[in-house]
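**Student:** quick one: sequence and predicted model below, then my questions.
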Amino acid sequence: MMQTMRQNMKVILWILVLAFIATIVFSWGMGGFKGGGPQQGIVAKVNGVDIPIDKLENLIQQRYTYEQNQQEGNLDEYRVKQIRSEVWDELIRDMLIEQEVKKLGIHVSDKEIAYLVQNNPPDFIRQNEYFQTDGTFDPAKYQDFLRNPAAARDLMMLEESYRKSLPNQKLLNHILALATVTDQEVWQRYVDDHLKGKAKYVLFASSDSNVDSSVITQKRIEDYYFAHRDDYRIPEKRRIIYTIFAEVPSKEDSASVLELAKELKTRIEEGGDFAELAKEYSDDRSAENGGDLGFFERGRMVPDFEEAAFSAKTGELVGPVQTKFGYHLIMVTDRKKEDGVEKVRASHILLKLQPSADTRDQIRNQATGFAEEVRESDFAQAAEVYEVNIDTTIFFEHNGNIPGIGRLPAASDFIFARPVGETSPTYPIRDGILVFKILDVQKERVQKLEEVKSRIIARLLEEERIAQARDRCYKFYQTLESPDEFETKAKEAGMPPKVTEREFRFGEYIRDVGRDPAFTSAALALNAGEVSQPVEGQNGYYLIKLIEKTEIDSTDFLEKRDEIRQQILNTKQNLFYSQWLETARKNAKIEDYRYLYYRDY
């Protein structure tokens, strides 16, 4: 048992330190180092504190190894990328927490640690069979373990794990202590979840308002603009010149595939089993069915394949036929006419045209050579020498997406971190290798009034339409002397009330209304038979008459009260922690240099 603990302690410590919040949260629901860059070997700085690349890589490797052992197999490329991102986020989080712990002077005493080791062992010990009796943790066995001199090393490691995780837990408790739940909140949650009603309503839609554009004066436009200038702030944008070295098969690759197709055809003609060869060699999903494609009519396949299949006799082997997918060997196995339409049944062996490993290496070497050369020469001239096409993007923002290329956060970070004129390293993308140079930058700015004038006019016109809808609604509301007149006067005004088709709860979707909390909240606040005051909704102003309302079961509420209180508390605690972390990230100075080490993340 001791040996097992020692073998697993590194993983245990990692779990405790990096994921100290996980238990609570889950219960709640390689470029160069040039110019102005960081010291080599530093992947980030958090409020001036360095994060070495070795530290990040070690944590990534630990997580990778742990998950690989859990599933007893290699992780796919997508999951490996996720791990890099998750570990990065956790590392930044833990740095911020550690700095806040120091700032608040939070510490743990030896007595606290000793008490926890003695009386509150972690779950990995409680769940260990060595400490259990009849499947349940046995405190007596644990105390015997503590008294065993041979356990000294394990106890030291356990104490160290508490020493690392307990200050963070204290900070978390400090943050979560701000979350409280009142009796009124518990009652309101129960009401929101259980109160239901049906209603009639009239909508005074803003879209029905006719607004004279002359009411939007230049002064109103200017006043609105200066009151909302931050809404028209444009972040920094950049553009690049780039080329993509396409990873396409060479003539030698194509000749090799064609040679294999001819060889397979010879084997089939000499008696080889078509279906078995399809299962072994075909690069198509039909391979598992021996290449059988079933019956198909004209217009269902690519032209060259279709022409060969419909021209062949039943039982005839044709090919190799080249299409955009590769080389095909085709055998027609049956023919028929169905509703006057000719159909054939065929099987095929598809050998895709793909670049070989040698070809890929040559393309990557060529891209690397190009990237090195254009650092010292003109991009367009170098592209002519290398016989590759070039393109230029439009100006774009720093959001991870590059126009014409797609989402590539690492390259985007490089573009917005490095100076104009710098050439990138190579970036593998789908079916090619990307190389680019930063061409130009547009600094952050506030758009001029003339640039946004039409948008402001549209906004002011919409405000006028909403105001007109409000006035019409209030005018009609003032004609009602009693709720009983609601239906009659609405019909007289040419607006017969609509009825909700079914009972609704707070915030639920209602046909013709949508998901409008203002509507459902106002309706369910009424008693049956009452008419609301004008209610501003998403589509205009409503008058609502509640026609049915369920009764609240107070006995059921009392039974569920404590459970509801805990649910609200958990939600609040989660929100408080998320808000604290978001604020800490926002206020921190985080310098991210991952783009210097990774081509993708």
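**Tutor:** Great, that's in hand. Just so you know, these numbers come straight off a predicted model, no measurement behind them. Numbering: from 1, shown residues only.
**Student:** rest of the way, CA atoms for contacts and neighbours
**Tutor:** Noted.
**Student:** chain neighbours aside, what residue packs nearest to G290?
**Tutor:** Ranked by C-alpha to C-alpha, 6 or more residues apart in numbering and with sequence neighbours excluded, the top spatial neighbour of G290 is A275, at 3.9 Å.
**Student:** and that neighbour, what element?
**Tutor:** Under the criterion of DSSP states H and E, A275 resides in helix 274-281.
**Student:** buried set for that helix?
**Tutor:** Neighbour counts over helix 274-281 (16 or more other C-alpha atoms under 10 Å) mark F274, A275, L277, A278, K279, Y281 as buried.
**Student:** whatever helix or strand comes next after it to helix 274-281, inter-axis angle?
**Tutor:** Using DSSP H and E, the helix or strand that directly follows helix 274-281 along the chain is strand 292-297. In terms of direction (axes from the mean of the first three to the mean of the last three C-alpha atoms, to 10 degrees), strand 292-297 departs from helix 274-281 by 110 degrees.
**Student:** helices or strands up against the helix or strand following strand 292-297?
**Tutor:** Reading on from strand 292-297 to the C-terminus, the next helix or strand found by DSSP H and E is helix 303-311. If contacts are counted by 3 or more C-alpha pairs under 8 Å, 6 or more residues apart in numbering; DSSP states H and E, helix 303-311 sits against strand 317-323, strand 326-338, strand 341-352.
**Student:** hang on, the earlier thing: how far off strand 326-338 does the helix holding A275 point, in degrees?
**Tutor:** 140 degrees.
**Student:** helices or strands up against the longest helix seen in the chain?
**Tutor:** Scanning the chain for the helix with the most residues, using DSSP state H, yields helix 554-587. Counting contacts by 3+ C-alpha pairs under 8 Å, 6+ apart, helix 554-587 is packed against helix 77-104, helix 152-176, helix 183-194.
**Student:** the residue most central in space within the chain - nearest residue in space that isn't next to it in sequence?
**Tutor:** By C-alpha atoms, centre = their mean, the chain has its centre lying nearest to Q82, at 10.5 Å. Excluding the flanking residues, the one nearest Q82 by C-alpha to C-alpha, 6+ apart is Y601, at 7.9 Å.
**Student:** quick one, what contacts that neighbour?
**Tutor:** The contact partners of Y601, by C-alpha atoms under 8 Å, 6 or more residues apart in numbering, come to K81, Q82, R84, S85, P409, A410.
**Student:** re earlier: please identify the buried residues of the longest helix of the chain?
**Tutor:** Under 16+ other C-alpha under 10 Å, the buried positions of helix 554-587 are 557, 561, 564-565, 567-570, 572-574, 576-577.
**Student:** pipe these into CSV and attach distance to T500 and pLDDT per row.
**Tutor:** Formatted as CSV, the buried residues of helix 554-587 follow (distance: C-alpha to C-alpha, whole Å; pLDDT from 0 to 100):
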residue, distance to T500, pLDDT
F557, 27, 96
R561, 30, 96
I564, 29, 97
R565, 32, 97
Q567, 31, 96
I568, 30, 97
L569, 34, 96
N570, 34, 96
K572, 33, 96
Q573, 37, 95
N574, 36, 95
F576, 37, 94
Y577, 40, 94
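**Student:** export those residues as a markdown table, with columns for distance to K453.
**Tutor:** Formatted as a markdown table, the buried residues of helix 554-587 follow (distance: C-alpha to C-alpha, whole Å):
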| residue | distance to K453 |
| --- | --- |
| F557 | 54 |
| R561 | 54 |
| I564 | 50 |
| R565 | 50 |
| Q567 | 48 |
| I568 | 45 |
| L569 | 47 |
| N570 | 46 |
| K572 | 42 |
| Q573 | 44 |
| N574 | 42 |
| F576 | 40 |
| Y577 | 41 |
